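Colleague: Below are the sequence and a predicted model for it; my questions follow.
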Amino acid sequence: MTAVVAHRRATLTLRVLAVAVALPDRRVRDRGGVDLVVGRRVPQAPAGWSKQTSSNKCRYQQRVRGSALRRAGGLLGGALTLIVAALLWLAPAALAVGFSSPAVFSAGGSPQSSAVGDFDGDSVVDLAAATGISKVAVLLGDGSGGFGAATQFAAGSGAYSVAVDDFDGVDTDGDGVADAGDNCPAVANEGQLDSDGDGDGDACDNCPAVANAGQLDSDGDGDGDACDADDDNDTVADADDGCPNTPSGTTVDADGCPVVAASYSQLVLADAAVGYWRFGEPSGTTAFDETTNDNDGVYTNGPQLQVPGALAGDLNKAVRMDGVNDTVRVADDNSLDVGNTFTAEGWIKRSSTAQTHTMMAKGFQIVVMNAGSGSQVWLRKPNVSTIARTNAGVGAGAYHHIVVTKNGSGAGAVKFYIDGAPVAVVDVSAAQVIQNTTGVLGFGSGASSPADFDEFALYDGVLTATQIQAHYVAGVGAS
């Protein structure tokens, strides 16, 4: 039982309008011609056909006379009628057509009808045949007009006809075109219009008039890069953009390139600190001042170096004071005589709130109090009085950015900031004046619990809330 394929040798493409449902044949296109597929079981030759027999196979080859197709069918011994016919879109004049010698492919059973389709998705026409014995045979095309061995699929008794279509194809957008073949599977695209021929239908193409490979949209603004005058949506046109693919949301300069944020240490130095101690030394007893004033300090009584620092993304380390007698001491210098107008800044990580921690002391003293005093931050005149204090407290277990500013005396003269935010503004009387002293500048003290100190700085002036916020943001790595 066989399927017979004959390839038409003609350059004229015939348009197939219909094939009778009862016909056991199917025309398929191949290399610009129309080919003929016939499934047959024939005990004797009908009139107008020649018979060729070899072993257990029977086949019929159409007799072509004068290159004219003379017959389109015949009667098979009264047992089975096979009709090979088609309605063709023909010119008024008769067409002379011919076919090559038939090639025989075994389908099994008694082929009753056939159909073609691309069953394995390789863009090559494959063949299906209803065998008449409860099975459908599928023969995969090899791309050159031939077919591989048949694979049988159960179809139930009396499999006499076969049809090919995508019966379970999903049609998400309900436009009548299954998703597998829809150039806009999620958006109805009338007529599958694709103006730029890029395979993406106009209804879902982010550049419908210009082919845009991969629908690339660097800035996510809905306009594909191929037709977007500002690919990264940074308000600098591509023609003038020195960095046309900057990530969305990036702050850029006039040339469209990212503005590199200053590091924490750069901000401190740019804001004119008179002393800046990072406490990141790997060893030794010197706490180096990063400013040009070179007010280096001395680690006293062996505080622990190289503990994790406060700044996100910064490899600089910190120092741990033991709360017993560890300190850092900086000798007096005229540059450290900040008087009654100054800013003191630093990061502290308390191990406990049970005791107080002295952050910085000279003619003034900044202390983070114990839990009994609400863990508040106090500004004091050493051994004299408390000038101002916060209501908010500083907890333990994490670094906190502490800043205190004093701008002489009067209304709002003292301001406190914790983690970049203002937490207290305090009026100060004229009597609460900070005087310059010749004493050392100290960090840390005894009679407390251990704490980690990092990035301490002193300024001969008052930093603004904006500057302090910028320092904190740079420190925590926020954008």
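Modeller: Noted; the coordinates are in hand. Keep in mind the model is a prediction, meaning the values are calculated, not measured.

Colleague: How far off centre is stretch 259-278?
Modeller: In terms of CA atoms, centre = their mean, to the nearest Å, the centre of stretch 259-278 is found 35 Å from the chain centre.

Colleague: One more: stretch 362-377?
Modeller: Counting by CA atoms, centre = their mean, stretch 362-377 comes out at 48 Å from the chain centroid.

Colleague: Please enumerate residues in contact with that stretch?
Modeller: With CB atoms under 8 Å, 6 or more residues apart in numbering as the test, stretch 362-377 has contacts from 336, 339, 342, 344, 348, 350, 353-360, 378-382, 387, 389-395, 402, 404, 406, 416, 418, 434-437, 439-442. To be clear about C-beta, it is placed using only N, CA and C from the backbone, and glycine gets the same treatment.

Colleague: how does this protein divide up, domain by domain?
Modeller: Per automatic domain parsing, the structural domains of the chain span 2-154, 266-476.

Colleague: Report the distance from the longest one to the chain centre.
Modeller: Looking back up the chat, that one is domain 266-476. Taking mean C-alpha positions (CA atoms, centre = their mean), domain 266-476 and its chain are 43 Å apart.

Colleague: Over to that domain now: how far is its first residue from its last?
Modeller: End-to-end distance for domain 266-476: 15 Å, by CA to CA, to the nearest Å.

Colleague: Local confidence estimate at Leu36?
Modeller: Note for Leu36: predicted pLDDT of 51.

Colleague: which sections of this protein are below the confidence cut-off?
Modeller: Low-confidence segments of the chain (pLDDT under 70): 1-98, 166, 168, 478-479.

Colleague: can you give me the helices for it?
Modeller: With DSSP state H as the criterion, the chain has helices at 264-270, 465-476.

Colleague: Including mean neighbour count and distance to Gly309, could these go into TSV?
Modeller: Output for those, formatted as TSV (neighbours: other CB atoms under 10 Å; distance: least, CB to CB, whole Å):
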stretch	mean neighbour count	distance to Gly309
helix 264-270	18	10
helix 465-476	18	10
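
Colleague: and Asp173, which of those helices is closest to it?
Modeller: Set against Asp173 and scored by CB to CB, those come closest in helix 465-476, at 46.3 Å.

Colleague: For the residue lying closest to Asp234 once chain neighbours are set aside, give the beta-bridge partners.
Modeller: In space, not counting the residues next to it along the chain, Asp234 is nearest to Val252; the distance is 4.8 Å by CB to CB, 6 or more residues apart in numbering. Counting by DSSP bridges, Val252 is bridged to Pro258.

Colleague: In this structure Val252 contacts Gly242, no?
Modeller: No: contact criterion CB atoms under 8 Å: Val252 and Gly242 do not qualify, at 9.2 Å.

Colleague: Please say which of these two ends up with more neighbours.
Modeller: Val252 (17 against 12; other CB atoms under 10 Å).

Colleague: Would you enumerate the residues in contact with that one?
Modeller: Val252 makes contact with Asp234, Val236, Cys243, Thr246, Pro258, Val259 under the criterion CB under 8 Å, 6+ apart.

Colleague: Repeat the analysis, applying 6 Å as the threshold.
Modeller: Counting by CB atoms under 6 Å, 6 or more residues apart in numbering, Val252 touches Asp234, Thr246, Pro258.

Colleague: In strands, which of the contacts of stretch 362-377 fall?
Modeller: Among the contacts of stretch 362-377, the residues falling in strands (DSSP state E) are 342, 344, 348, 350, 357-360, 378-381, 387, 389-393, 402, 404, 406, 416, 418, 441-442.

Colleague: Can you flag the buried ones in those residues?
Modeller: 342, 344, 348, 350, 357-360, 378-381, 387, 389-390, 393, 402, 404, 406, 416, 418, 441-442 (16 or more other CB atoms under 10 Å).

Colleague: what does stretch 448-463 contact?
Modeller: Contacts for stretch 448-463 (CB under 6 Å, 6+ apart): 268, 273-279, 307, 309-310, 318-323, 338, 343-352, 354-357, 405, 407, 443.

Colleague: if we can go back for a sec, would you convert the domains of the chain into JSON lines that also reports distance to Ala203?
Modeller: As requested, the domains of the chain are exported to JSON lines (distance: least, CB to CB, whole Å):
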{"stretch": "domain 2-154", "distance to Ala203": "25"}
{"stretch": "domain 266-476", "distance to Ala203": "44"}
